[in-house]
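*Asks:* what follows is a predicted protein model with its sequence.
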Amino acid sequence: MSSKAETSHDILLQRNEDRLLDFARNDRTEKTVGGLVQWNRERSLFIPGARLMPTIKEPGGTVSDDKVGPQMLDVEGFIERSTSHFEKNGFFEKEIARRTEEFGHIAHVWSTYESRHNANDAEPFMRGINSIQLFYDGKRWWIVSIYWQHENPEDPIPERYL
């Protein structure tokens with residue numbers, strides 16, 4: 001989708017998507033050490049049955065030996081996996097680029113991010129790309145899935161996603 005909305009549906013998509021992604025980012029990823037995560041607000045963004053899927057390497061595996069794949073989590077599984085880490089280490093994610101495509105009631109967002117432990121850290125400890133699938137039910141956009149991969153030496157972020 002171009003940066004200039006062309007139809008009322010495009011405008012609605014942009015407003016809802018911005019609100020949804022900003023809401024998700026502000027309530028899920030900006031955590032101070034010892035801070036509480038607003039998980040009920042997080043839950044409200046996802047359609048029932050939604051998935052969160054980090055790309056992980058198997059222990060001792062590398063991308064080159066094909067020991068990499070998605071870890072399939074439902075929302076509660078993601079919360080269980082993340083809570084103690086977020087509370088112990090802090091986590092601040094900032095979107096640095098976005099590409100959106102939309103058709104009818106579905107949308108796909110490529111969201112490039114930088115992650116820091118503290119908001120004032122000079123450099124990110126990690127960057128990557130979120131692949132976010134959304135569904136519009138006629139009233140609002142729901143997250144259906146988020147699939148992400150961190151940047152690494154074998155997979156640098158392509159220029160088109162920056």
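*Replies:* Arrived safely.
*Asks:* so Thr100 touches His108, yeah?
*Replies:* Yes: between Thr100 and His108 a contact is recorded at 7.2 Å, counting by Cβ atoms under 8 Å. Quick note: C-beta positions are derived from backbone N, CA and C, even for glycine.
*Asks:* the two - which one has more neighbours?
*Replies:* Between Thr100 and His108, counting by other Cβ atoms under 10 Å, Thr100 is the more crowded of the two (20 against 14).
*Asks:* now Phe46: how far from Asn118?
*Replies:* Per Cβ to Cβ, to the nearest Å, Phe46 is found 27 Å from Asn118.
*Asks:* higher neighbour count, those two?
*Replies:* The residue with more neighbours, out of Phe46 and Asn118, is Phe46; 19 against 12, by other Cβ under 10 Å.
*Asks:* what sits against that one?
*Replies:* Listed by Cβ atoms under 8 Å, 6 or more residues apart in numbering, the contact set of Phe46 reads Val75, Trp142, Ile143, Val144.
*Asks:* what's near enough to touch the first one?
*Replies:* Contacts for Val75 were tallied using Cβ under 8 Å, 6+ apart; they are Glu42, Arg43, Phe46, Ala50, Leu52.
*Asks:* and for Pro70?
*Replies:* Contacts of Pro70 (Cβ under 8 Å, 6+ apart): Met53, Pro54, Thr55, Ile56, Tyr147.
*Asks:* at 6 Å instead, please
*Replies:* Met53, Thr55 (Cβ atoms under 6 Å, 6 or more residues apart in numbering).
*Asks:* measure it to Tyr147 for me?
*Replies:* From Pro70 to Tyr147 the distance is 6 Å (Cβ to Cβ).
*Asks:* what's the answer for Tyr161, then?
*Replies:* Tyr161 is 14 Å from Tyr147, by Cβ to Cβ.
*Asks:* helix or strand: which one has Gly128?
*Replies:* Per DSSP states H and E, Gly128 falls inside strand 126-136.
*Asks:* what comes up buried for that strand?
*Replies:* Within strand 126-136, the residues that qualify as buried are Arg127, Gly128, Ile129, Asn130, Ile132, Gln133, Leu134, Phe135, Tyr136, counting by 16 or more other Cβ atoms under 10 Å.
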